[in-house]
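> Next come a sequence and a model predicted from it.
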Amino acid sequence: MIELPADFIERMKSECADFDGFLKSYERPAARAIRVNTLKISVEDFKKLSPFSLQPVAWEKSGFYVEQEGLGKTVFHAAGLYYVQEPSAMSVVPELELSAGERVLDMCAAPGGKSTQIAQYLCGDGILFSNEIDYPRSKILSGNVERLGVKNAVVTCGKPEEIAQNFSEYFDNVLVDAPCSGEGMFKKEKNAVPEWSAENVKMCAERQNRILDCAAKTLAVGGRLVYSTCTFSREEDERQIENFLKTHKEFTLVKQDKLLPHIVRGEGHYFAVLQKNDGGRGEKPLLTPCVKDKKQLAAYSQWAEENLKTPFENVHSVGQTLYSLPDGMPRTTLQIMRCGVRLGEFTSNRFEPSHSLAMCLNNTQACCIEVDEATAVQYLKGLTFGCAENEKGWRLVTHNGFALGWCKAVGGVAKNHLPKGLRI
Ligand code: SAM
């Protein structure tokens, strides 16, 4: 059993009604779970394919407990059919009560568990801003958004203050999954225990307060702000929200809940749902002025006609890169890591498709070469493989119909175009 910080134990003794039960929960291994990516496959179809036995997570219809290890190393994971996520963390996004077509901000989004869950609820309609302050972490976030084939996300790397400056009362829903003292991560993260201290709890609470202030500014009147942490300290949870409500009279508390590890099957989470009832009318950001380079668009259109069943719309170029932008993409001064679907590059007067595009497609949408599991693993390792002599040009490599990436077929050989950084 892990050795918990003495001050933490003392505090939980006075705060937790069933302290013995709470302490005992640390004897059990951390619960493992996945969320089926319904942007690519229905839960019913995934159940038919699943190599794991699945037990439902009560609060998320696409969430399942699994016992197996190595969940991040399967072909289905590489194809973006699921996301490995701590089960109690799945409880937060349903509280946003999202509808397709909404504008949603995820202020602290890396590595992307909740952002990709939000994307599932939006069903490709509307726009999702996934922001992460830390540059290396924003790249991981961007990779996960790509793997799961999210088409309507804008991944940014900015400070909460910059987001607030760019987007005044713009979003219908805002999530603040705040950086916290991580008391619910003691089993999962080996640094969580040594990094915990009462001073750190205080520092986290002050930082959360500043992030919440910024988030409040970005929310439109009538919208929902959901605040969450994976910690149990009241300073970062209930008291944080009490203080927020004292200084933000335009908000009311709809509900709050704390999932504790001895009561639910999960490591623990807190969330509060707030509603914005009042406020000034913010200026809506203007649409981004987009570049349309005729030569580049023509090259893409020709390629799309030959290779895609339905071409992507709202195509714009930035330098030599072509994107399909989400509808209503606003202007922003933020550092953009990813925006809509990166379709590909215009190089040597030709269009070359990107991996992001592959991850948004399946075998009904492009010309493909279906491979068995052994060949799929070979492909994920970056190797070439044999294919029919009559295959020629860009082909989507699929396993069970789900895309793994591109290859280029010529003379009975499929040349591997999986980006080097994604090879296993
Ligand atoms: N929502 C993510 C998910 O579901 O995968 C987890 C987010 S994690 C709990 C909190 C994130 O906040 C971290 O990625 C961290 O880098 C970021 N963060 C740290 N300091 C921050 C700050 N001052 N403002 C905004 N975000 C910050």
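Good, I have the coordinates.

> where does the stretch 101-250 of the chain come near the ligand, residue by residue?
108-114, 132-134, 137, 160, 177, 179, 207, 211 (C-beta under 6 Å from any ligand atom). Where you see a C-beta, it was placed from the backbone N, CA and C, and this is true even at glycine.

> Of those, keep whichever come out buried.
108-114, 132-133, 137, 160, 177, 179, 211 (16 or more other C-beta atoms under 10 Å).

> And the strands in the stretch 201-350 of the chain?
219-229, 251-259, 269-276, 315-318, 321-324, 335-339, 341-347, 350-353 (DSSP state E, counting those that start in this stretch).

> Same list, these, but as JSON lines with mean pLDDT please.
As requested, the strands of the stretch 201-350 of the chain are exported to JSON lines (pLDDT from 0 to 100):
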{"stretch": "strand 219-229", "mean pLDDT": "96"}
{"stretch": "strand 251-259", "mean pLDDT": "97"}
{"stretch": "strand 269-276", "mean pLDDT": "98"}
{"stretch": "strand 315-318", "mean pLDDT": "88"}
{"stretch": "strand 321-324", "mean pLDDT": "94"}
{"stretch": "strand 335-339", "mean pLDDT": "93"}
{"stretch": "strand 341-347", "mean pLDDT": "95"}
{"stretch": "strand 350-353", "mean pLDDT": "95"}
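
> Could you point out which of these sits nearest Lys73?
strand 335-339 (24.0 Å; C-beta to C-beta).

> Output the contacting helices and strands for the closest one.
Applying 3 or more C-beta pairs under 8 Å, 6 or more residues apart in numbering; DSSP states H and E, one finds that strand 335-339 makes contact with helix 135-147, strand 153-157.

> Take these and write them to TSV, including mean pLDDT.
Formatted as TSV, these follow (pLDDT from 0 to 100):
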stretch	mean pLDDT
helix 135-147	98
strand 153-157	97
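
> quick one, longest helix in this structure?
helix 198-218 (DSSP state H).

> got the angle for that helix vs strand 251-259?
On the basis of axes from the mean of the first three to the mean of the last three C-alpha atoms, to 10 degrees, helix 198-218 is oriented at 140 degrees to strand 251-259.

> Now do the buried residues in helix 198-218.
Neighbour-count burial for helix 198-218 [16+ other C-beta under 10 Å]: Val201, Cys204, Ala205, Gln208, Ile211, Leu212, Cys214, Ala215, Ala216, Lys217, Thr218.

> re the thing from before, could you list which of the buried ones among the residues of the stretch 101-250 of the chain next to the ligand belong to helices?
Gly113, Lys114, Arg137, Pro160, Ile211.

> Helix or strand with the lowest mean pLDDT in the chain?
strand 315-318 (a mean of 88; mean pLDDT, DSSP states H and E).

> Could you give me the buried positions within it?
Val315, His316, Ser317.

> Mind giving me the packing neighbours of it?
Using 3+ C-beta pairs under 8 Å, 6+ apart: strand 315-318 touches helix 294-307, strand 321-324.

> For the shortest one, which outside residues touch it?
Looking back up the chat, that one is strand 321-324. 151, 296-297, 300, 312-317, 339-346, 351 (C-beta atoms under 8 Å, 6 or more residues apart in numbering).

> what does stretch 348-363 give?
Contacts of stretch 348-363 (C-beta under 8 Å, 6+ apart): 40, 80, 146-149, 151, 295-296, 299-300, 302-303, 307-308, 312, 322, 338, 341-346, 370, 394, 396, 398, 401-406, 417-419, 422.

> Would you mind measuring the gap between the ends of it?
Using C-alpha to C-alpha, to the nearest Å, one end of stretch 348-363 lies 28 Å from the other.

> Show me how far it is from its chain's centre.
21 Å (C-alpha atoms, centre = their mean, to the nearest Å).

> Which residues belonging to that stretch are considered buried?
The neighbour-count check on stretch 348-363 (16+ other C-beta under 10 Å) flags 351-363 as buried.

> which residues of the stretch 301-424 of the chain fall in helices?
355-359, 373-380 (DSSP state H, counting those that start in this stretch).

> Adding mean pLDDT and distance to the ligand, write those out as a markdown table.
As requested, the helices of the stretch 301-424 of the chain are exported to a markdown table (pLDDT from 0 to 100; distance: least, C-beta to the nearest ligand atom, whole Å):
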| stretch | mean pLDDT | distance to the ligand |
| --- | --- | --- |
| helix 355-359 | 98 | 18 |
| helix 373-380 | 98 | 24 |
